[in-house]
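Trainee: build me a structure from this.
(chains A, B, C, D and E, ligands or ions: 4)
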Amino acid sequence: MNWVWVNLDLVAGRTLDHLVLTVPPIILTFLIAVPLGTIAHRYRATRGVILTAGGLLYAVPSLPLFIMLPAIVGTSIRSPLNLIIALTLYGIALMVRVVADALASVDTGVRQSAIGVGFSPGSVFWRVDLPLAGPVLLAGMRVVAVSTVSLATVGAVIGVQSLGSLFTDGFQRGIQEEIVAGIVATVLLAVLFDAALVGLGRLLMPWQRVQAGGSAVTRARETA
Amino acid sequence: MNFFIAAIAWLFDPAHYTGAGSIPSRLLEHLGFTLVTLVFASVIAIPAGYYIGHTGRGRRVAILLSGGLRALPTLGLLTLVGLWVGIGLEAPYVALTILAIPPILAGAYTGFEAIDRATIDAATAMGMSGGQVVRKVEMPLGLPLLIGGLRSATLQVVATATLAAYIADVGLGRPVFEGLKTNNYDEMLAGSILVILLALVLEGIFALATRLALRVVPTASGLQPDLTR
Amino acid sequence: DPIKGDTAPSSSGDTTTLVVGSQDYYSNEIVAEIYAQALENNGYNVERDFRIGVREVYLPDLEAGKIDVFPEYTGSLLQALDKNAKGGTKEEVHDALADAVPDTLRVLDAAGASDQNSWTVTEDFAKKYNLTDLASLKNVTEPITVGGNSELQTRPYGPKALKEKYGIDIAGFTPVEDSGGPLTVKALVDGDIQLANIYTADPNIKSNHLVALKDPDGLFFPDNIVPVVSKKVDDKAIDILNTISGALGEGELVDLNSESVNDKKQADVIASEWLKEKNLF
Amino acid sequence: MIEFRHVTKRFPGGTVAVEDFSLVLPSRKTTVFAGSSGSGKTTLLRMINRMVDPTEGSIEIDGVDVATVDPVKLRRSIGYVMQSSGLLPHRTVVDNVATVPLLRRVPRRQARTDALALLDTVGLDRALADRYPSQLSGGQQQRVGVARGLAVDPNILLMDEPFGAVDPIVRSELQQELLRLKRELHKTIVFVTHDVEEAFLLGDQVVILREGGRVAQVGSPAEILARPADDFVARFVGADRGRRALHVVTQDGAELLMDSEGRVAGVLGHGKPGTGEQPR
Amino acid sequence: MIEFRHVTKRFPGGTVAVEDFSLVLPSRKTTVFAGSSGSGKTTLLRMINRMVDPTEGSIEIDGVDVATVDPVKLRRSIGYVMQSSGLLPHRTVVDNVATVPLLRRVPRRQARTDALALLDTVGLDRALADRYPSQLSGGQQQRVGVARGLAVDPNILLMDEPFGAVDPIVRSELQQELLRLKRELHKTIVFVTHDVEEAFLLGDQVVILREGGRVAQVGSPAEILARPADDFVARFVGADRGRRALHVVTQDGAELLMDSEGRVAGVLGHGKPGTGEQPR
Ligand SMILES: Nc1ncnc2c1ncn2[C@@H]1O[C@H](COP(=O)(O)OP(=O)(O)OP(=O)(O)O)[C@@H](O)[C@H]1O
Ligand SMILES: Nc1ncnc2c1ncn2[C@@H]1O[C@H](COP(=O)(O)OP(=O)(O)OP(=O)(O)O)[C@@H](O)[C@H]1O
Ligand SMILES: [Mg+2]
Ligand SMILES: [Mg+2]
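Mentor: Ligands and ions are numbered 1, 2, ... in the order given. Predicted coordinates:
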């Protein structure tokens, strides 16, 4: 414990590095996965392709991806950008399926009746599909956030500074406190992101509070 | 693109097919390591998941615990346990078993929970004992979701087993690390390609298994537990 | 090649900003930090690009002038630059290195402190087979497994060289990626490996009663710490770095490393305390 | 007046949901489509507001072919009510009722005032206005659905099994409420159900449908009951099993009406046929 | 004979589903529990085969307190049929029917033969024997459910809204089938429904339940209809709105029976009360 107090600035610095590495992928994931997932949901023909591609992408191990990506997109192997792209790809791989499933889980009765009373196609998407898919989307984003935070530590192996650097450095110097501090900080950061997302969900989906959690939501969260 | 050509050349270099650390032996090590890890994780997670799914007890704890386990960085665990027990396979087994537990656990209990309550009620009403309900109803009907959980655990373990080479002379992570440390990009890329191929093959096998399981349970259509891992 | 980083802070025309780099190794980072603080205390702007990785990763950046100051090890760097280099005394190696570096780089004065590669065994193992130097490894009747970082396999002093120079047969290689750190030591003590590549400045040698075998045939080159600098480094800065090398005497590095490993201090703290203690800048 | 002219609907899969269907639905009357599952009732209803477009034939509302009207505009001029699930779960009751007026850019404040008034119309307490649908009972949800259908004051109200999901006592209350609305509002109502009793209670004109939207019989409840067109209709309305063939049996001093299976259908009275007033 | 003695069921959450309920269900007769949602019908039914154990009071079957019988054994001696979803989706039709006999170690071959015979009994084509439940229509699934309930030749058959999920024509067919089985098999049947018509059609004894399993009225259909015990019963059976108060109206030469709202309920005939034979 003493180590942590003495080296608080180091932990803080690595945490900051970690934030820089993980916040952009989480946001980018959402911005890219929602349209992609919507396309997969809307057009049967694209569904197979998009979802399979996502599944396969997720099968690519992180370390090799960090290594291969530079050869493909031309970044440098040590560049944080490389890591951000890789983490975003993982996020998308995970999230497109959730988006497609979430949209599919929207009660057709509610959709049909909205169309029936005169919602235009745009209104149906923005005012019905998206909010009703919200809880499942949120569940998916929570998983994305946690796994992004956890995955980013692997970057330390190829020399991208993050909380993972506390593992490699502590390992070299044989300082267990440093490794434990890294693990705890990673988990805390994940919990923090998770709580932030839950809070955001509460704010954006006030109706959720009055109803027992839908089964699709709990399922999405737990099987993740 | 020429990186890939060089990597493929590395892959087809006959020199890499003999002796210790040859491609086939690395592949087998990787596969073996993955399977053993899955067995460890299954032995822990499936009974626990079945218990939770059948009784509905301990669910909150399980959710919290899986969430926490999922946030645990594998690299951190690997190095920490490595410092305790030294080099060799113990630390990778511990770290990766922990990684594999949450999806299998979730697959096991959501598999039970997704079963129509009425089906279980009817089985009970007919006079099945608790054990019979588990064996004859819940286990077969929960199978597709369990397979889904195993599938996502497998993918994660195959992928992450690369890191085991950080403290053990095992698996396809070896060429990756060796290439990384010796500036041999071809070797690194070749190792990566092998891991990805292995992951894809296993994914294919699971897709097949899921289809077979769905044949056993014709109504459990489209159950996809692995929307996230 | 993607390994060639493009992220090293690029030096602008402003000569007062210097980029100091370090390997992905805590001991090297301490020395780099000493350089950095000394330069800062003398009015230079310093950008730290530490923990870059192994030599293969940073050398291209160094040669390209993206890094201005880098703590190096004379023998290892010489062997990296010239595969056919011959060994010798520490002065000979230093001179050879000065010739071998590309024109874009300069090698300053070497420090007395060195961090030598060494082949190390446990005290018990040494006693059992009566080991003193590498040649005596022939006495060993059991298979010898070597442990060390991946890159050790391709180094000119690696298992292959042991066979060539001393005729020692190595049964196997176990990779341990902590640069001769605690895990390697533990593996050695546990008997998982019999021979490990551990740096002579590693405080673990002392605390774990390890024996670094002598190297009469010069398998390892002397590895004195030496600043390698770019053209951007002016005379004043060179003076500063040479002063540090002068103060960094034999054995100093073991103490510095011990502060990191045993006292668990951070590099910047160790560096500033050392500078204060030596009354430098 | 709504007129179906030789309407056929073939779905992409090949199912012919409706085949060569022609019918006139008189204004300000209630027409009920009754038939078993899959007989094309919903499809017929949805062709009126263009949620489904016919493959062949045309539908006219007061002489205007609906195919020539912008579907979104058309739908906003027609009320639509369906089984419970139709409310937006993420909007409060009053917002649900006011959605379409708001889409039509009625000012917020006025839309809300109108919506509250509509809650009165359908017999809902205004105190429920700020609840979410999930906080209401099934019957209350259905009332909100009806209020929403009425929100744009449409001439036509389409109702697709609106009371199918609630329990029998509540259902009967909702039916009475609808009878009251019918009398008060004089809308053209098209109502879908698979419950014969409900069809006979609510319909001025009842259309009994077979598979494929083929008309088995059209007429007033009395006409259909008195002279079922064929076996199918007889079976559907329950005449075949003698459920509608009643006899008088005196038991415990009361004159009971029994069907041919000995099941009691009612008690014989000697008053005038009812005027629709409830005798409470 | 099944006898409820002062039975109360309080669920862990605090809901009192059934309170101080006492009733005798005569052997070889059909007793129907009718009541709206949440009135405790299912709870009452499930206390008979110990799927739910009462908090207070006892239930006796032919004088034996069920609490003293091993629940698994008890359930294997009582047939149970519920809404469609109860079949095992991963077993074929014939395996579903044979489940309990197999659990009781009846030899495979014989269990199968018996199961096929039961398919005949419930009017199902043997050709369907090797299909999975999902490959059957809702009505066919219900027949399989009934066959399964009969598989151990139980004296008691519990049926929980067995026809709630099928469409009206099929429902009416299933009801007729059940009436036939009643006549042929002479089982003690306990039937739950919230449809009054169904209750009156099938029940020898009908129990109208209020909230909390409180008995509003018990009696034969005729008794209940002739003299509803109170407003609640009157409303429930539809007597209050005059739906059961019928008058004769002559129209187009037929004597129609109309209720007080002008809805046609039937046609007056002058034959004898039916014997239950179908006039087809
Ligand atoms: N979008 C669609 N695509 C393909 N077939 C459809 C579609 N909608 C309905 N059908 C088919 O058309 C036929 C009529 O369907 P419709 O929904 O109109 O019946 P319904 O009378 O409303 O039935 P229910 O009482 O079950 O609601 C059915 O066979 C149905 O499967
Ligand atoms: N396992 C349970 N735990 C807690 N409360 C229960 C449970 N089962 C039933 N209840 C409650 O007991 C009451 C009676 O339920 P029951 O299922 O017997 O009603 P029902 O008459 O069968 O209703 P329905 O017609 O909807 O099937 C309800 O308020 C219900 O919420
Ligand atoms: Mg319909
Ligand atoms: Mg019930």
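Trainee: number of residues surrounding residue D:218?
Mentor: If you count neighbours by other C-beta atoms under 10 Å in any protein chain shown, residue D:218 ends up with 16. For every residue, glycine as well, the C-beta is placed using N, CA and C.
Trainee: next up, the contacts around it.
Mentor: By C-beta atoms under 8 Å, 6 or more residues apart in numbering or on different chains, the contact list for residue D:218 reads D:23, D:205-208.
Trainee: buried ones among those residues?
Mentor: D:23, D:205-208 (16 or more other C-beta atoms under 10 Å in any protein chain shown).
Trainee: in JSON lines, list these along with secondary structure, pLDDT and distance to ligand 2.
Mentor: Shown next, in JSON lines, are the buried ones among the contacts of residue D:218 (DSSP: H, G, I helix; E, B strand; the rest coil; pLDDT from 0 to 100; distance: C-beta to the nearest ligand atom, whole Å):
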{"residue": "D:23", "secondary structure": "strand", "pLDDT": "95", "distance to ligand 2": "37"}
{"residue": "D:205", "secondary structure": "strand", "pLDDT": "94", "distance to ligand 2": "33"}
{"residue": "D:206", "secondary structure": "strand", "pLDDT": "94", "distance to ligand 2": "29"}
{"residue": "D:207", "secondary structure": "strand", "pLDDT": "95", "distance to ligand 2": "31"}
{"residue": "D:208", "secondary structure": "strand", "pLDDT": "94", "distance to ligand 2": "29"}
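Trainee: re the thing from before, tell me the one of the contacts of residue D:218 nearest chain B?
Mentor: Closest approach between those and chain B, by C-beta to the nearest C-beta: residue D:208, at 33.0 Å.
Trainee: you'd agree the closest one is up against residue D:215?
Mentor: Yes - using C-beta atoms under 8 Å, residue D:208 makes contact with residue D:215 at a distance of 7.4 Å.
Trainee: shaky segments in chain C?
Mentor: Within chain C, the segments meeting pLDDT under 70 span C:1-15.
Trainee: that's a helix at residue B:24, yeah?
Mentor: Yes - assessed by DSSP: H, G, I helix; E, B strand; the rest coil, residue B:24 belongs to a helix.
Trainee: which pLDDT value does the model give it?
Mentor: Note on residue B:24: pLDDT of 90.
Trainee: count of neighbours near it?
Mentor: Per other C-beta under 10 Å, the neighbour tally for residue B:24 reads 10.
Trainee: again, but for the one 4 residues further on
Mentor: For residue B:28, the neighbour count with other C-beta under 10 Å is 12.
Trainee: got the contacts of residue D:218 as CSV, with distance to residue B:98 columns?
Mentor: As requested, the contacts of residue D:218 are exported to CSV (distance: C-beta to C-beta, whole Å):
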residue, distance to residue B:98
D:23, 68
D:205, 69
D:206, 67
D:207, 65
D:208, 65
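Trainee: okay, and the residue of chain C found nearest ligand 2 sits in which element?
Mentor: Closest approach between chain C and ligand 2, counting by C-beta to the nearest ligand atom: residue C:183, at 55.7 Å. Using DSSP states H and E, residue C:183 sits within helix C:182-190.
Trainee: chain D contacts on chain A?
Mentor: With C-beta under 8 Å from any C-beta of the partner chain as the criterion, chain A meets chain D at residues A:107, A:109-110, A:112-120, A:123, A:127-128, A:131-132, A:134, A:205, A:207, A:210-211.
Trainee: of the residues you listed, buried ones?
Mentor: The buried subset of those - by 16+ other C-beta under 10 Å - is A:107, A:110, A:112-120, A:123, A:127-128, A:131-132, A:134, A:205, A:207.
Trainee: which ones are touching residue D:103?
Mentor: Counting by C-beta under 8 Å, 6+ apart, residue D:103 touches A:118-120, A:123, D:76.
Trainee: what of residue A:194?
Mentor: By C-beta under 8 Å, 6+ apart, the contact set of residue A:194 is A:142, A:145-146, B:67.
Trainee: roughly how far does it sit from ligand 2?
Mentor: 32 Å (C-beta to the nearest ligand atom, to the nearest Å).
Trainee: gap between that residue and residue E:67?
Mentor: From residue A:194 across to residue E:67, the span is 48 Å (C-beta to C-beta, to the nearest Å).
Trainee: pull the distance from the helix or strand containing residue A:19 to the chain's centre.
Mentor: For residue A:19, the host element (DSSP H and E) is helix A:8-42. Between the centre of helix A:8-42 and the centre of its host chain there is 6 Å, according to C-alpha atoms, centre = their mean, to the nearest Å.
Trainee: between the contacts of residue D:103, which is nearest residue E:72?
Mentor: Taking C-beta to C-beta as the measure, residue A:119 is the one of the contacts of residue D:103 closest to residue E:72, at 53.6 Å.
Trainee: phi, psi for that closest one please.
Mentor: Dihedral pair for residue A:119: phi -70, psi 140, per degrees, to the nearest 10.
Trainee: just to confirm, which helix or strand has residue 148 in it?
Mentor: Assuming you mean chain A. If you go by DSSP H and E, residue A:148 is part of helix A:130-152.
Trainee: switch to chain D, please.
Mentor: Residue D:148 belongs to helix D:138-150 when assigned by DSSP H and E.
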